[in-house]
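Asks: Below are the sequence and a predicted model for it; my questions follow.
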Amino acid sequence: MFDSKTIRKDFPILDRKVNGRKLVYLDSAATSQKPTSVIKSLTNYYENYNANIHRGIHTLSEEATEAFEETREKIRLFIDAAENREVIFTKNATEAINLVAQTWGRQNVLAGDEIVVTPMEHHSNFVPWQQLAKEREATLVFLPLTDDGQIDMPAAEKLINKKTRVVAVTQMSNVLGTINPLNELAKLAHHVGAVLFVDGAQGVPHLPTSVRELDCDFMAFSLHKMLGPTGVGVLWGRETLLDAMPAYMTGGDMINSVTREKSTWNELPWKFEAGTPNIADIIASGAAIDYLNELGMDAVRAHEIELVEYAIKGLQSLGDAQIYGPLDATKRGGVVSFNFKDVHPHDVGQILNDAGIAIRAGHHCCQPLMRDLNVSGTARASFYIYNTKEEIDILLEALKEADKVLGHVACR
Ligand code: C6P
């Protein structure tokens, strides 16, 4: 285990005040804070070796290319992929999902086929599949959830069938916290000749992840949720699948040769990386991976289980707080969504902000799930390596205070 209080010293932003109170940042599921090593990596790049990559034969370009490709290798190791050809940089998880839906999807999903999703998908892993289904005249099938927000696996066994082309599911829900049984879903998908697409946006930053052990076929995630800068996403896919896919965007860097009549594509991974990529942020993402590796992802996971257990107990002790998702902390990741009495979550978020506490409130880009839960939104506290039990105490105290104020609002 690591000491969050020591870790906090590496995150300058955590020293700031909000509304005159010490910042309590409980919104890492939206985006994590960044350690000094990541911030320094950005300035180091711009101060010392800013150049375009894969093009120049001058020293700066060579240094930038080397650092850029080194990050790809770090990411390969982090998710235990077989080849770094399989690691493609995008601008975020959303772009990675669209890339697959619009290339592999258009090539492989035909009229009458089925695309399987869950009701807990973030819009990013839902709307691209919904649009593909419309375009291809395919059917979108939803795996039902149990009352505590887990996939109903006996139902999944029946619903994943010969018509299924892809099962698209989140590794961990950004609302319910549920960690999904990807191994079992991979078996069900592969048994009928379908592929398993995993949205790892919430999973990869918080759980030890091996794409080979999970036996999935594609995975998408964003570096900004795992200590890295914004503007960097990753698509991992099996080499055979990526090789067979058409290009997504065309232009510079992704070609092999171009004549007036036709063009041929570069090899993987560059076939999917058209134009100048986000060089500085991708290189700094390598520093983020180094930081997480130093802590160890098993320790990250253990820390979050401890915080989630503590937060759930604390919220339960307040009475009247409705908590969504499984209550067993080992079955969920570091997000806790709740509604506090019959008060609108935006009011909760506003009052907490007055106390310097940053949470997220609203539909969390999961409108179909909100409809199923019969709520307009939830309040959500999410945790990461720098959060402490003391901060959860501050949250609980603020909620007790809010109760006094919001109790009135609710009765109006
Ligand atoms: N969820 C949240 O506060 P991008 O924006 O492409 O980096 O990530 C999209 C995304 C995809 N899948 C899941 C499960 C996610 O949680 C997110 C981002 C943030 O919950 C911002 S809406």
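Replies: On my side now, so go ahead.

Asks: Could you look up the SS state of A247?
Replies: coil (DSSP: H, G, I helix; E, B strand; the rest coil).

Asks: Residue numbering should commence at 27 henceforth.
Replies: Sounds good: first residue 27 from here, last item A273.

Asks: ok, and for stretch 323-334, which residues are buried?
Replies: 323, 326-327, 329-331, 333-334 (16 or more other CB atoms under 10 Å). To be clear about C-beta, it is placed using only N, CA and C from the backbone, and glycine gets the same treatment.

Asks: what's near enough to touch the residue nearest to P394 when sequence neighbours are not counted?
Replies: Using CB to CB, 6 or more residues apart in numbering and skipping residues adjacent in sequence, the residue nearest P394 is P145, 5.5 Å away. Under the criterion of CB atoms under 8 Å, 6 or more residues apart in numbering, the neighbours of P145 are 168-171, 394-395, 398.

Asks: Quick check on the residue of the stretch 327-438 of the chain found nearest the ligand: phi, psi?
Replies: Proximity of the stretch 327-438 of the chain to the ligand (CB to the nearest ligand atom) peaks at C391, 4.1 Å away. Note on C391: backbone dihedrals following degrees, to the nearest 10 are phi 60, psi 40.

Asks: returning to that earlier point: so the residue nearest to P394, which of the three states?
Replies: With three-state DSSP as the basis, P145 sits in coil.

Asks: Write out the residues of the chain neighbouring the ligand.
Replies: Near the ligand, the residues belonging to the chain are 55-56, 118-120, 148, 150-151, 196, 200, 225, 227-228, 248, 386, 390-391 when assessed by CB under 6 Å from any ligand atom.

Asks: among the buried residues of stretch 323-334, which are in strands?
Replies: Counted as lying in strands by DSSP state E, out of the buried residues of stretch 323-334, is not a single one.

Asks: what about Q133, how many neighbours?
Replies: Applying other CB atoms under 10 Å, we find 11 residues neighbouring Q133.

Asks: What's the per-residue pLDDT of it here?
Replies: Looking at Q133, its pLDDT is 98.

Asks: From L267, how far out is it?
Replies: Going from Q133 to L267 by CB to CB, to the nearest Å gives 10 Å.

Asks: Same question for E427.
Replies: Applying CB to CB, the value for E427 to L267 is 53 Å.

Asks: same question, R42
Replies: 45 Å.

Asks: Tell me which of the two has more neighbours.
Replies: The residue with more neighbours, out of R42 and L267, is L267; 16 against 10, by other CB under 10 Å.

Asks: how about the helix or strand where that one lies: buried residues?
Replies: For L267, the host element (DSSP states H and E) is helix 265-270. Of the residues in helix 265-270, those buried by neighbour count under the rule 16+ other CB under 10 Å are 267-268.

Asks: Likewise for stretch 380-395?
Replies: Neighbour-count burial for stretch 380-395, counted by 16+ other CB under 10 Å, picks out 380-392, 394-395.

Asks: residues of stretch 340-347 that come out buried?
Replies: 340-341, 347.

Asks: Show me where the stretch 77-226 of the chain has its strands.
Replies: Along the stretch 77-226 of the chain, the stretches classed as strands by DSSP state E, counting those that start in this stretch are 113-116, 140-143, 165-168, 190-196, 221-225.

Asks: Quick one: low-confidence residue ranges for this structure.
Replies: 433-438 (pLDDT under 70).

Asks: What are the structural domain limits within it?
Replies: As given by automatic domain parsing, the domain ranges for the chain are 30-56+323-432, 65-319.

Asks: Find the nearest non-adjacent residue to A407, please.
Replies: A407 sits nearest to L52 (CB to CB, 6+ apart), 4.2 Å away.

Asks: OK, contacts around K357?
Replies: Going by CB under 8 Å, 6+ apart, K357 touches 176, 204-205.

Asks: how about 6 Å then?
Replies: Neighbour list for K357: empty [criterion: CB atoms under 6 Å, 6 or more residues apart in numbering].

Asks: again, but for G301
Replies: Going by CB under 6 Å, 6+ apart, G301 touches 277-278.
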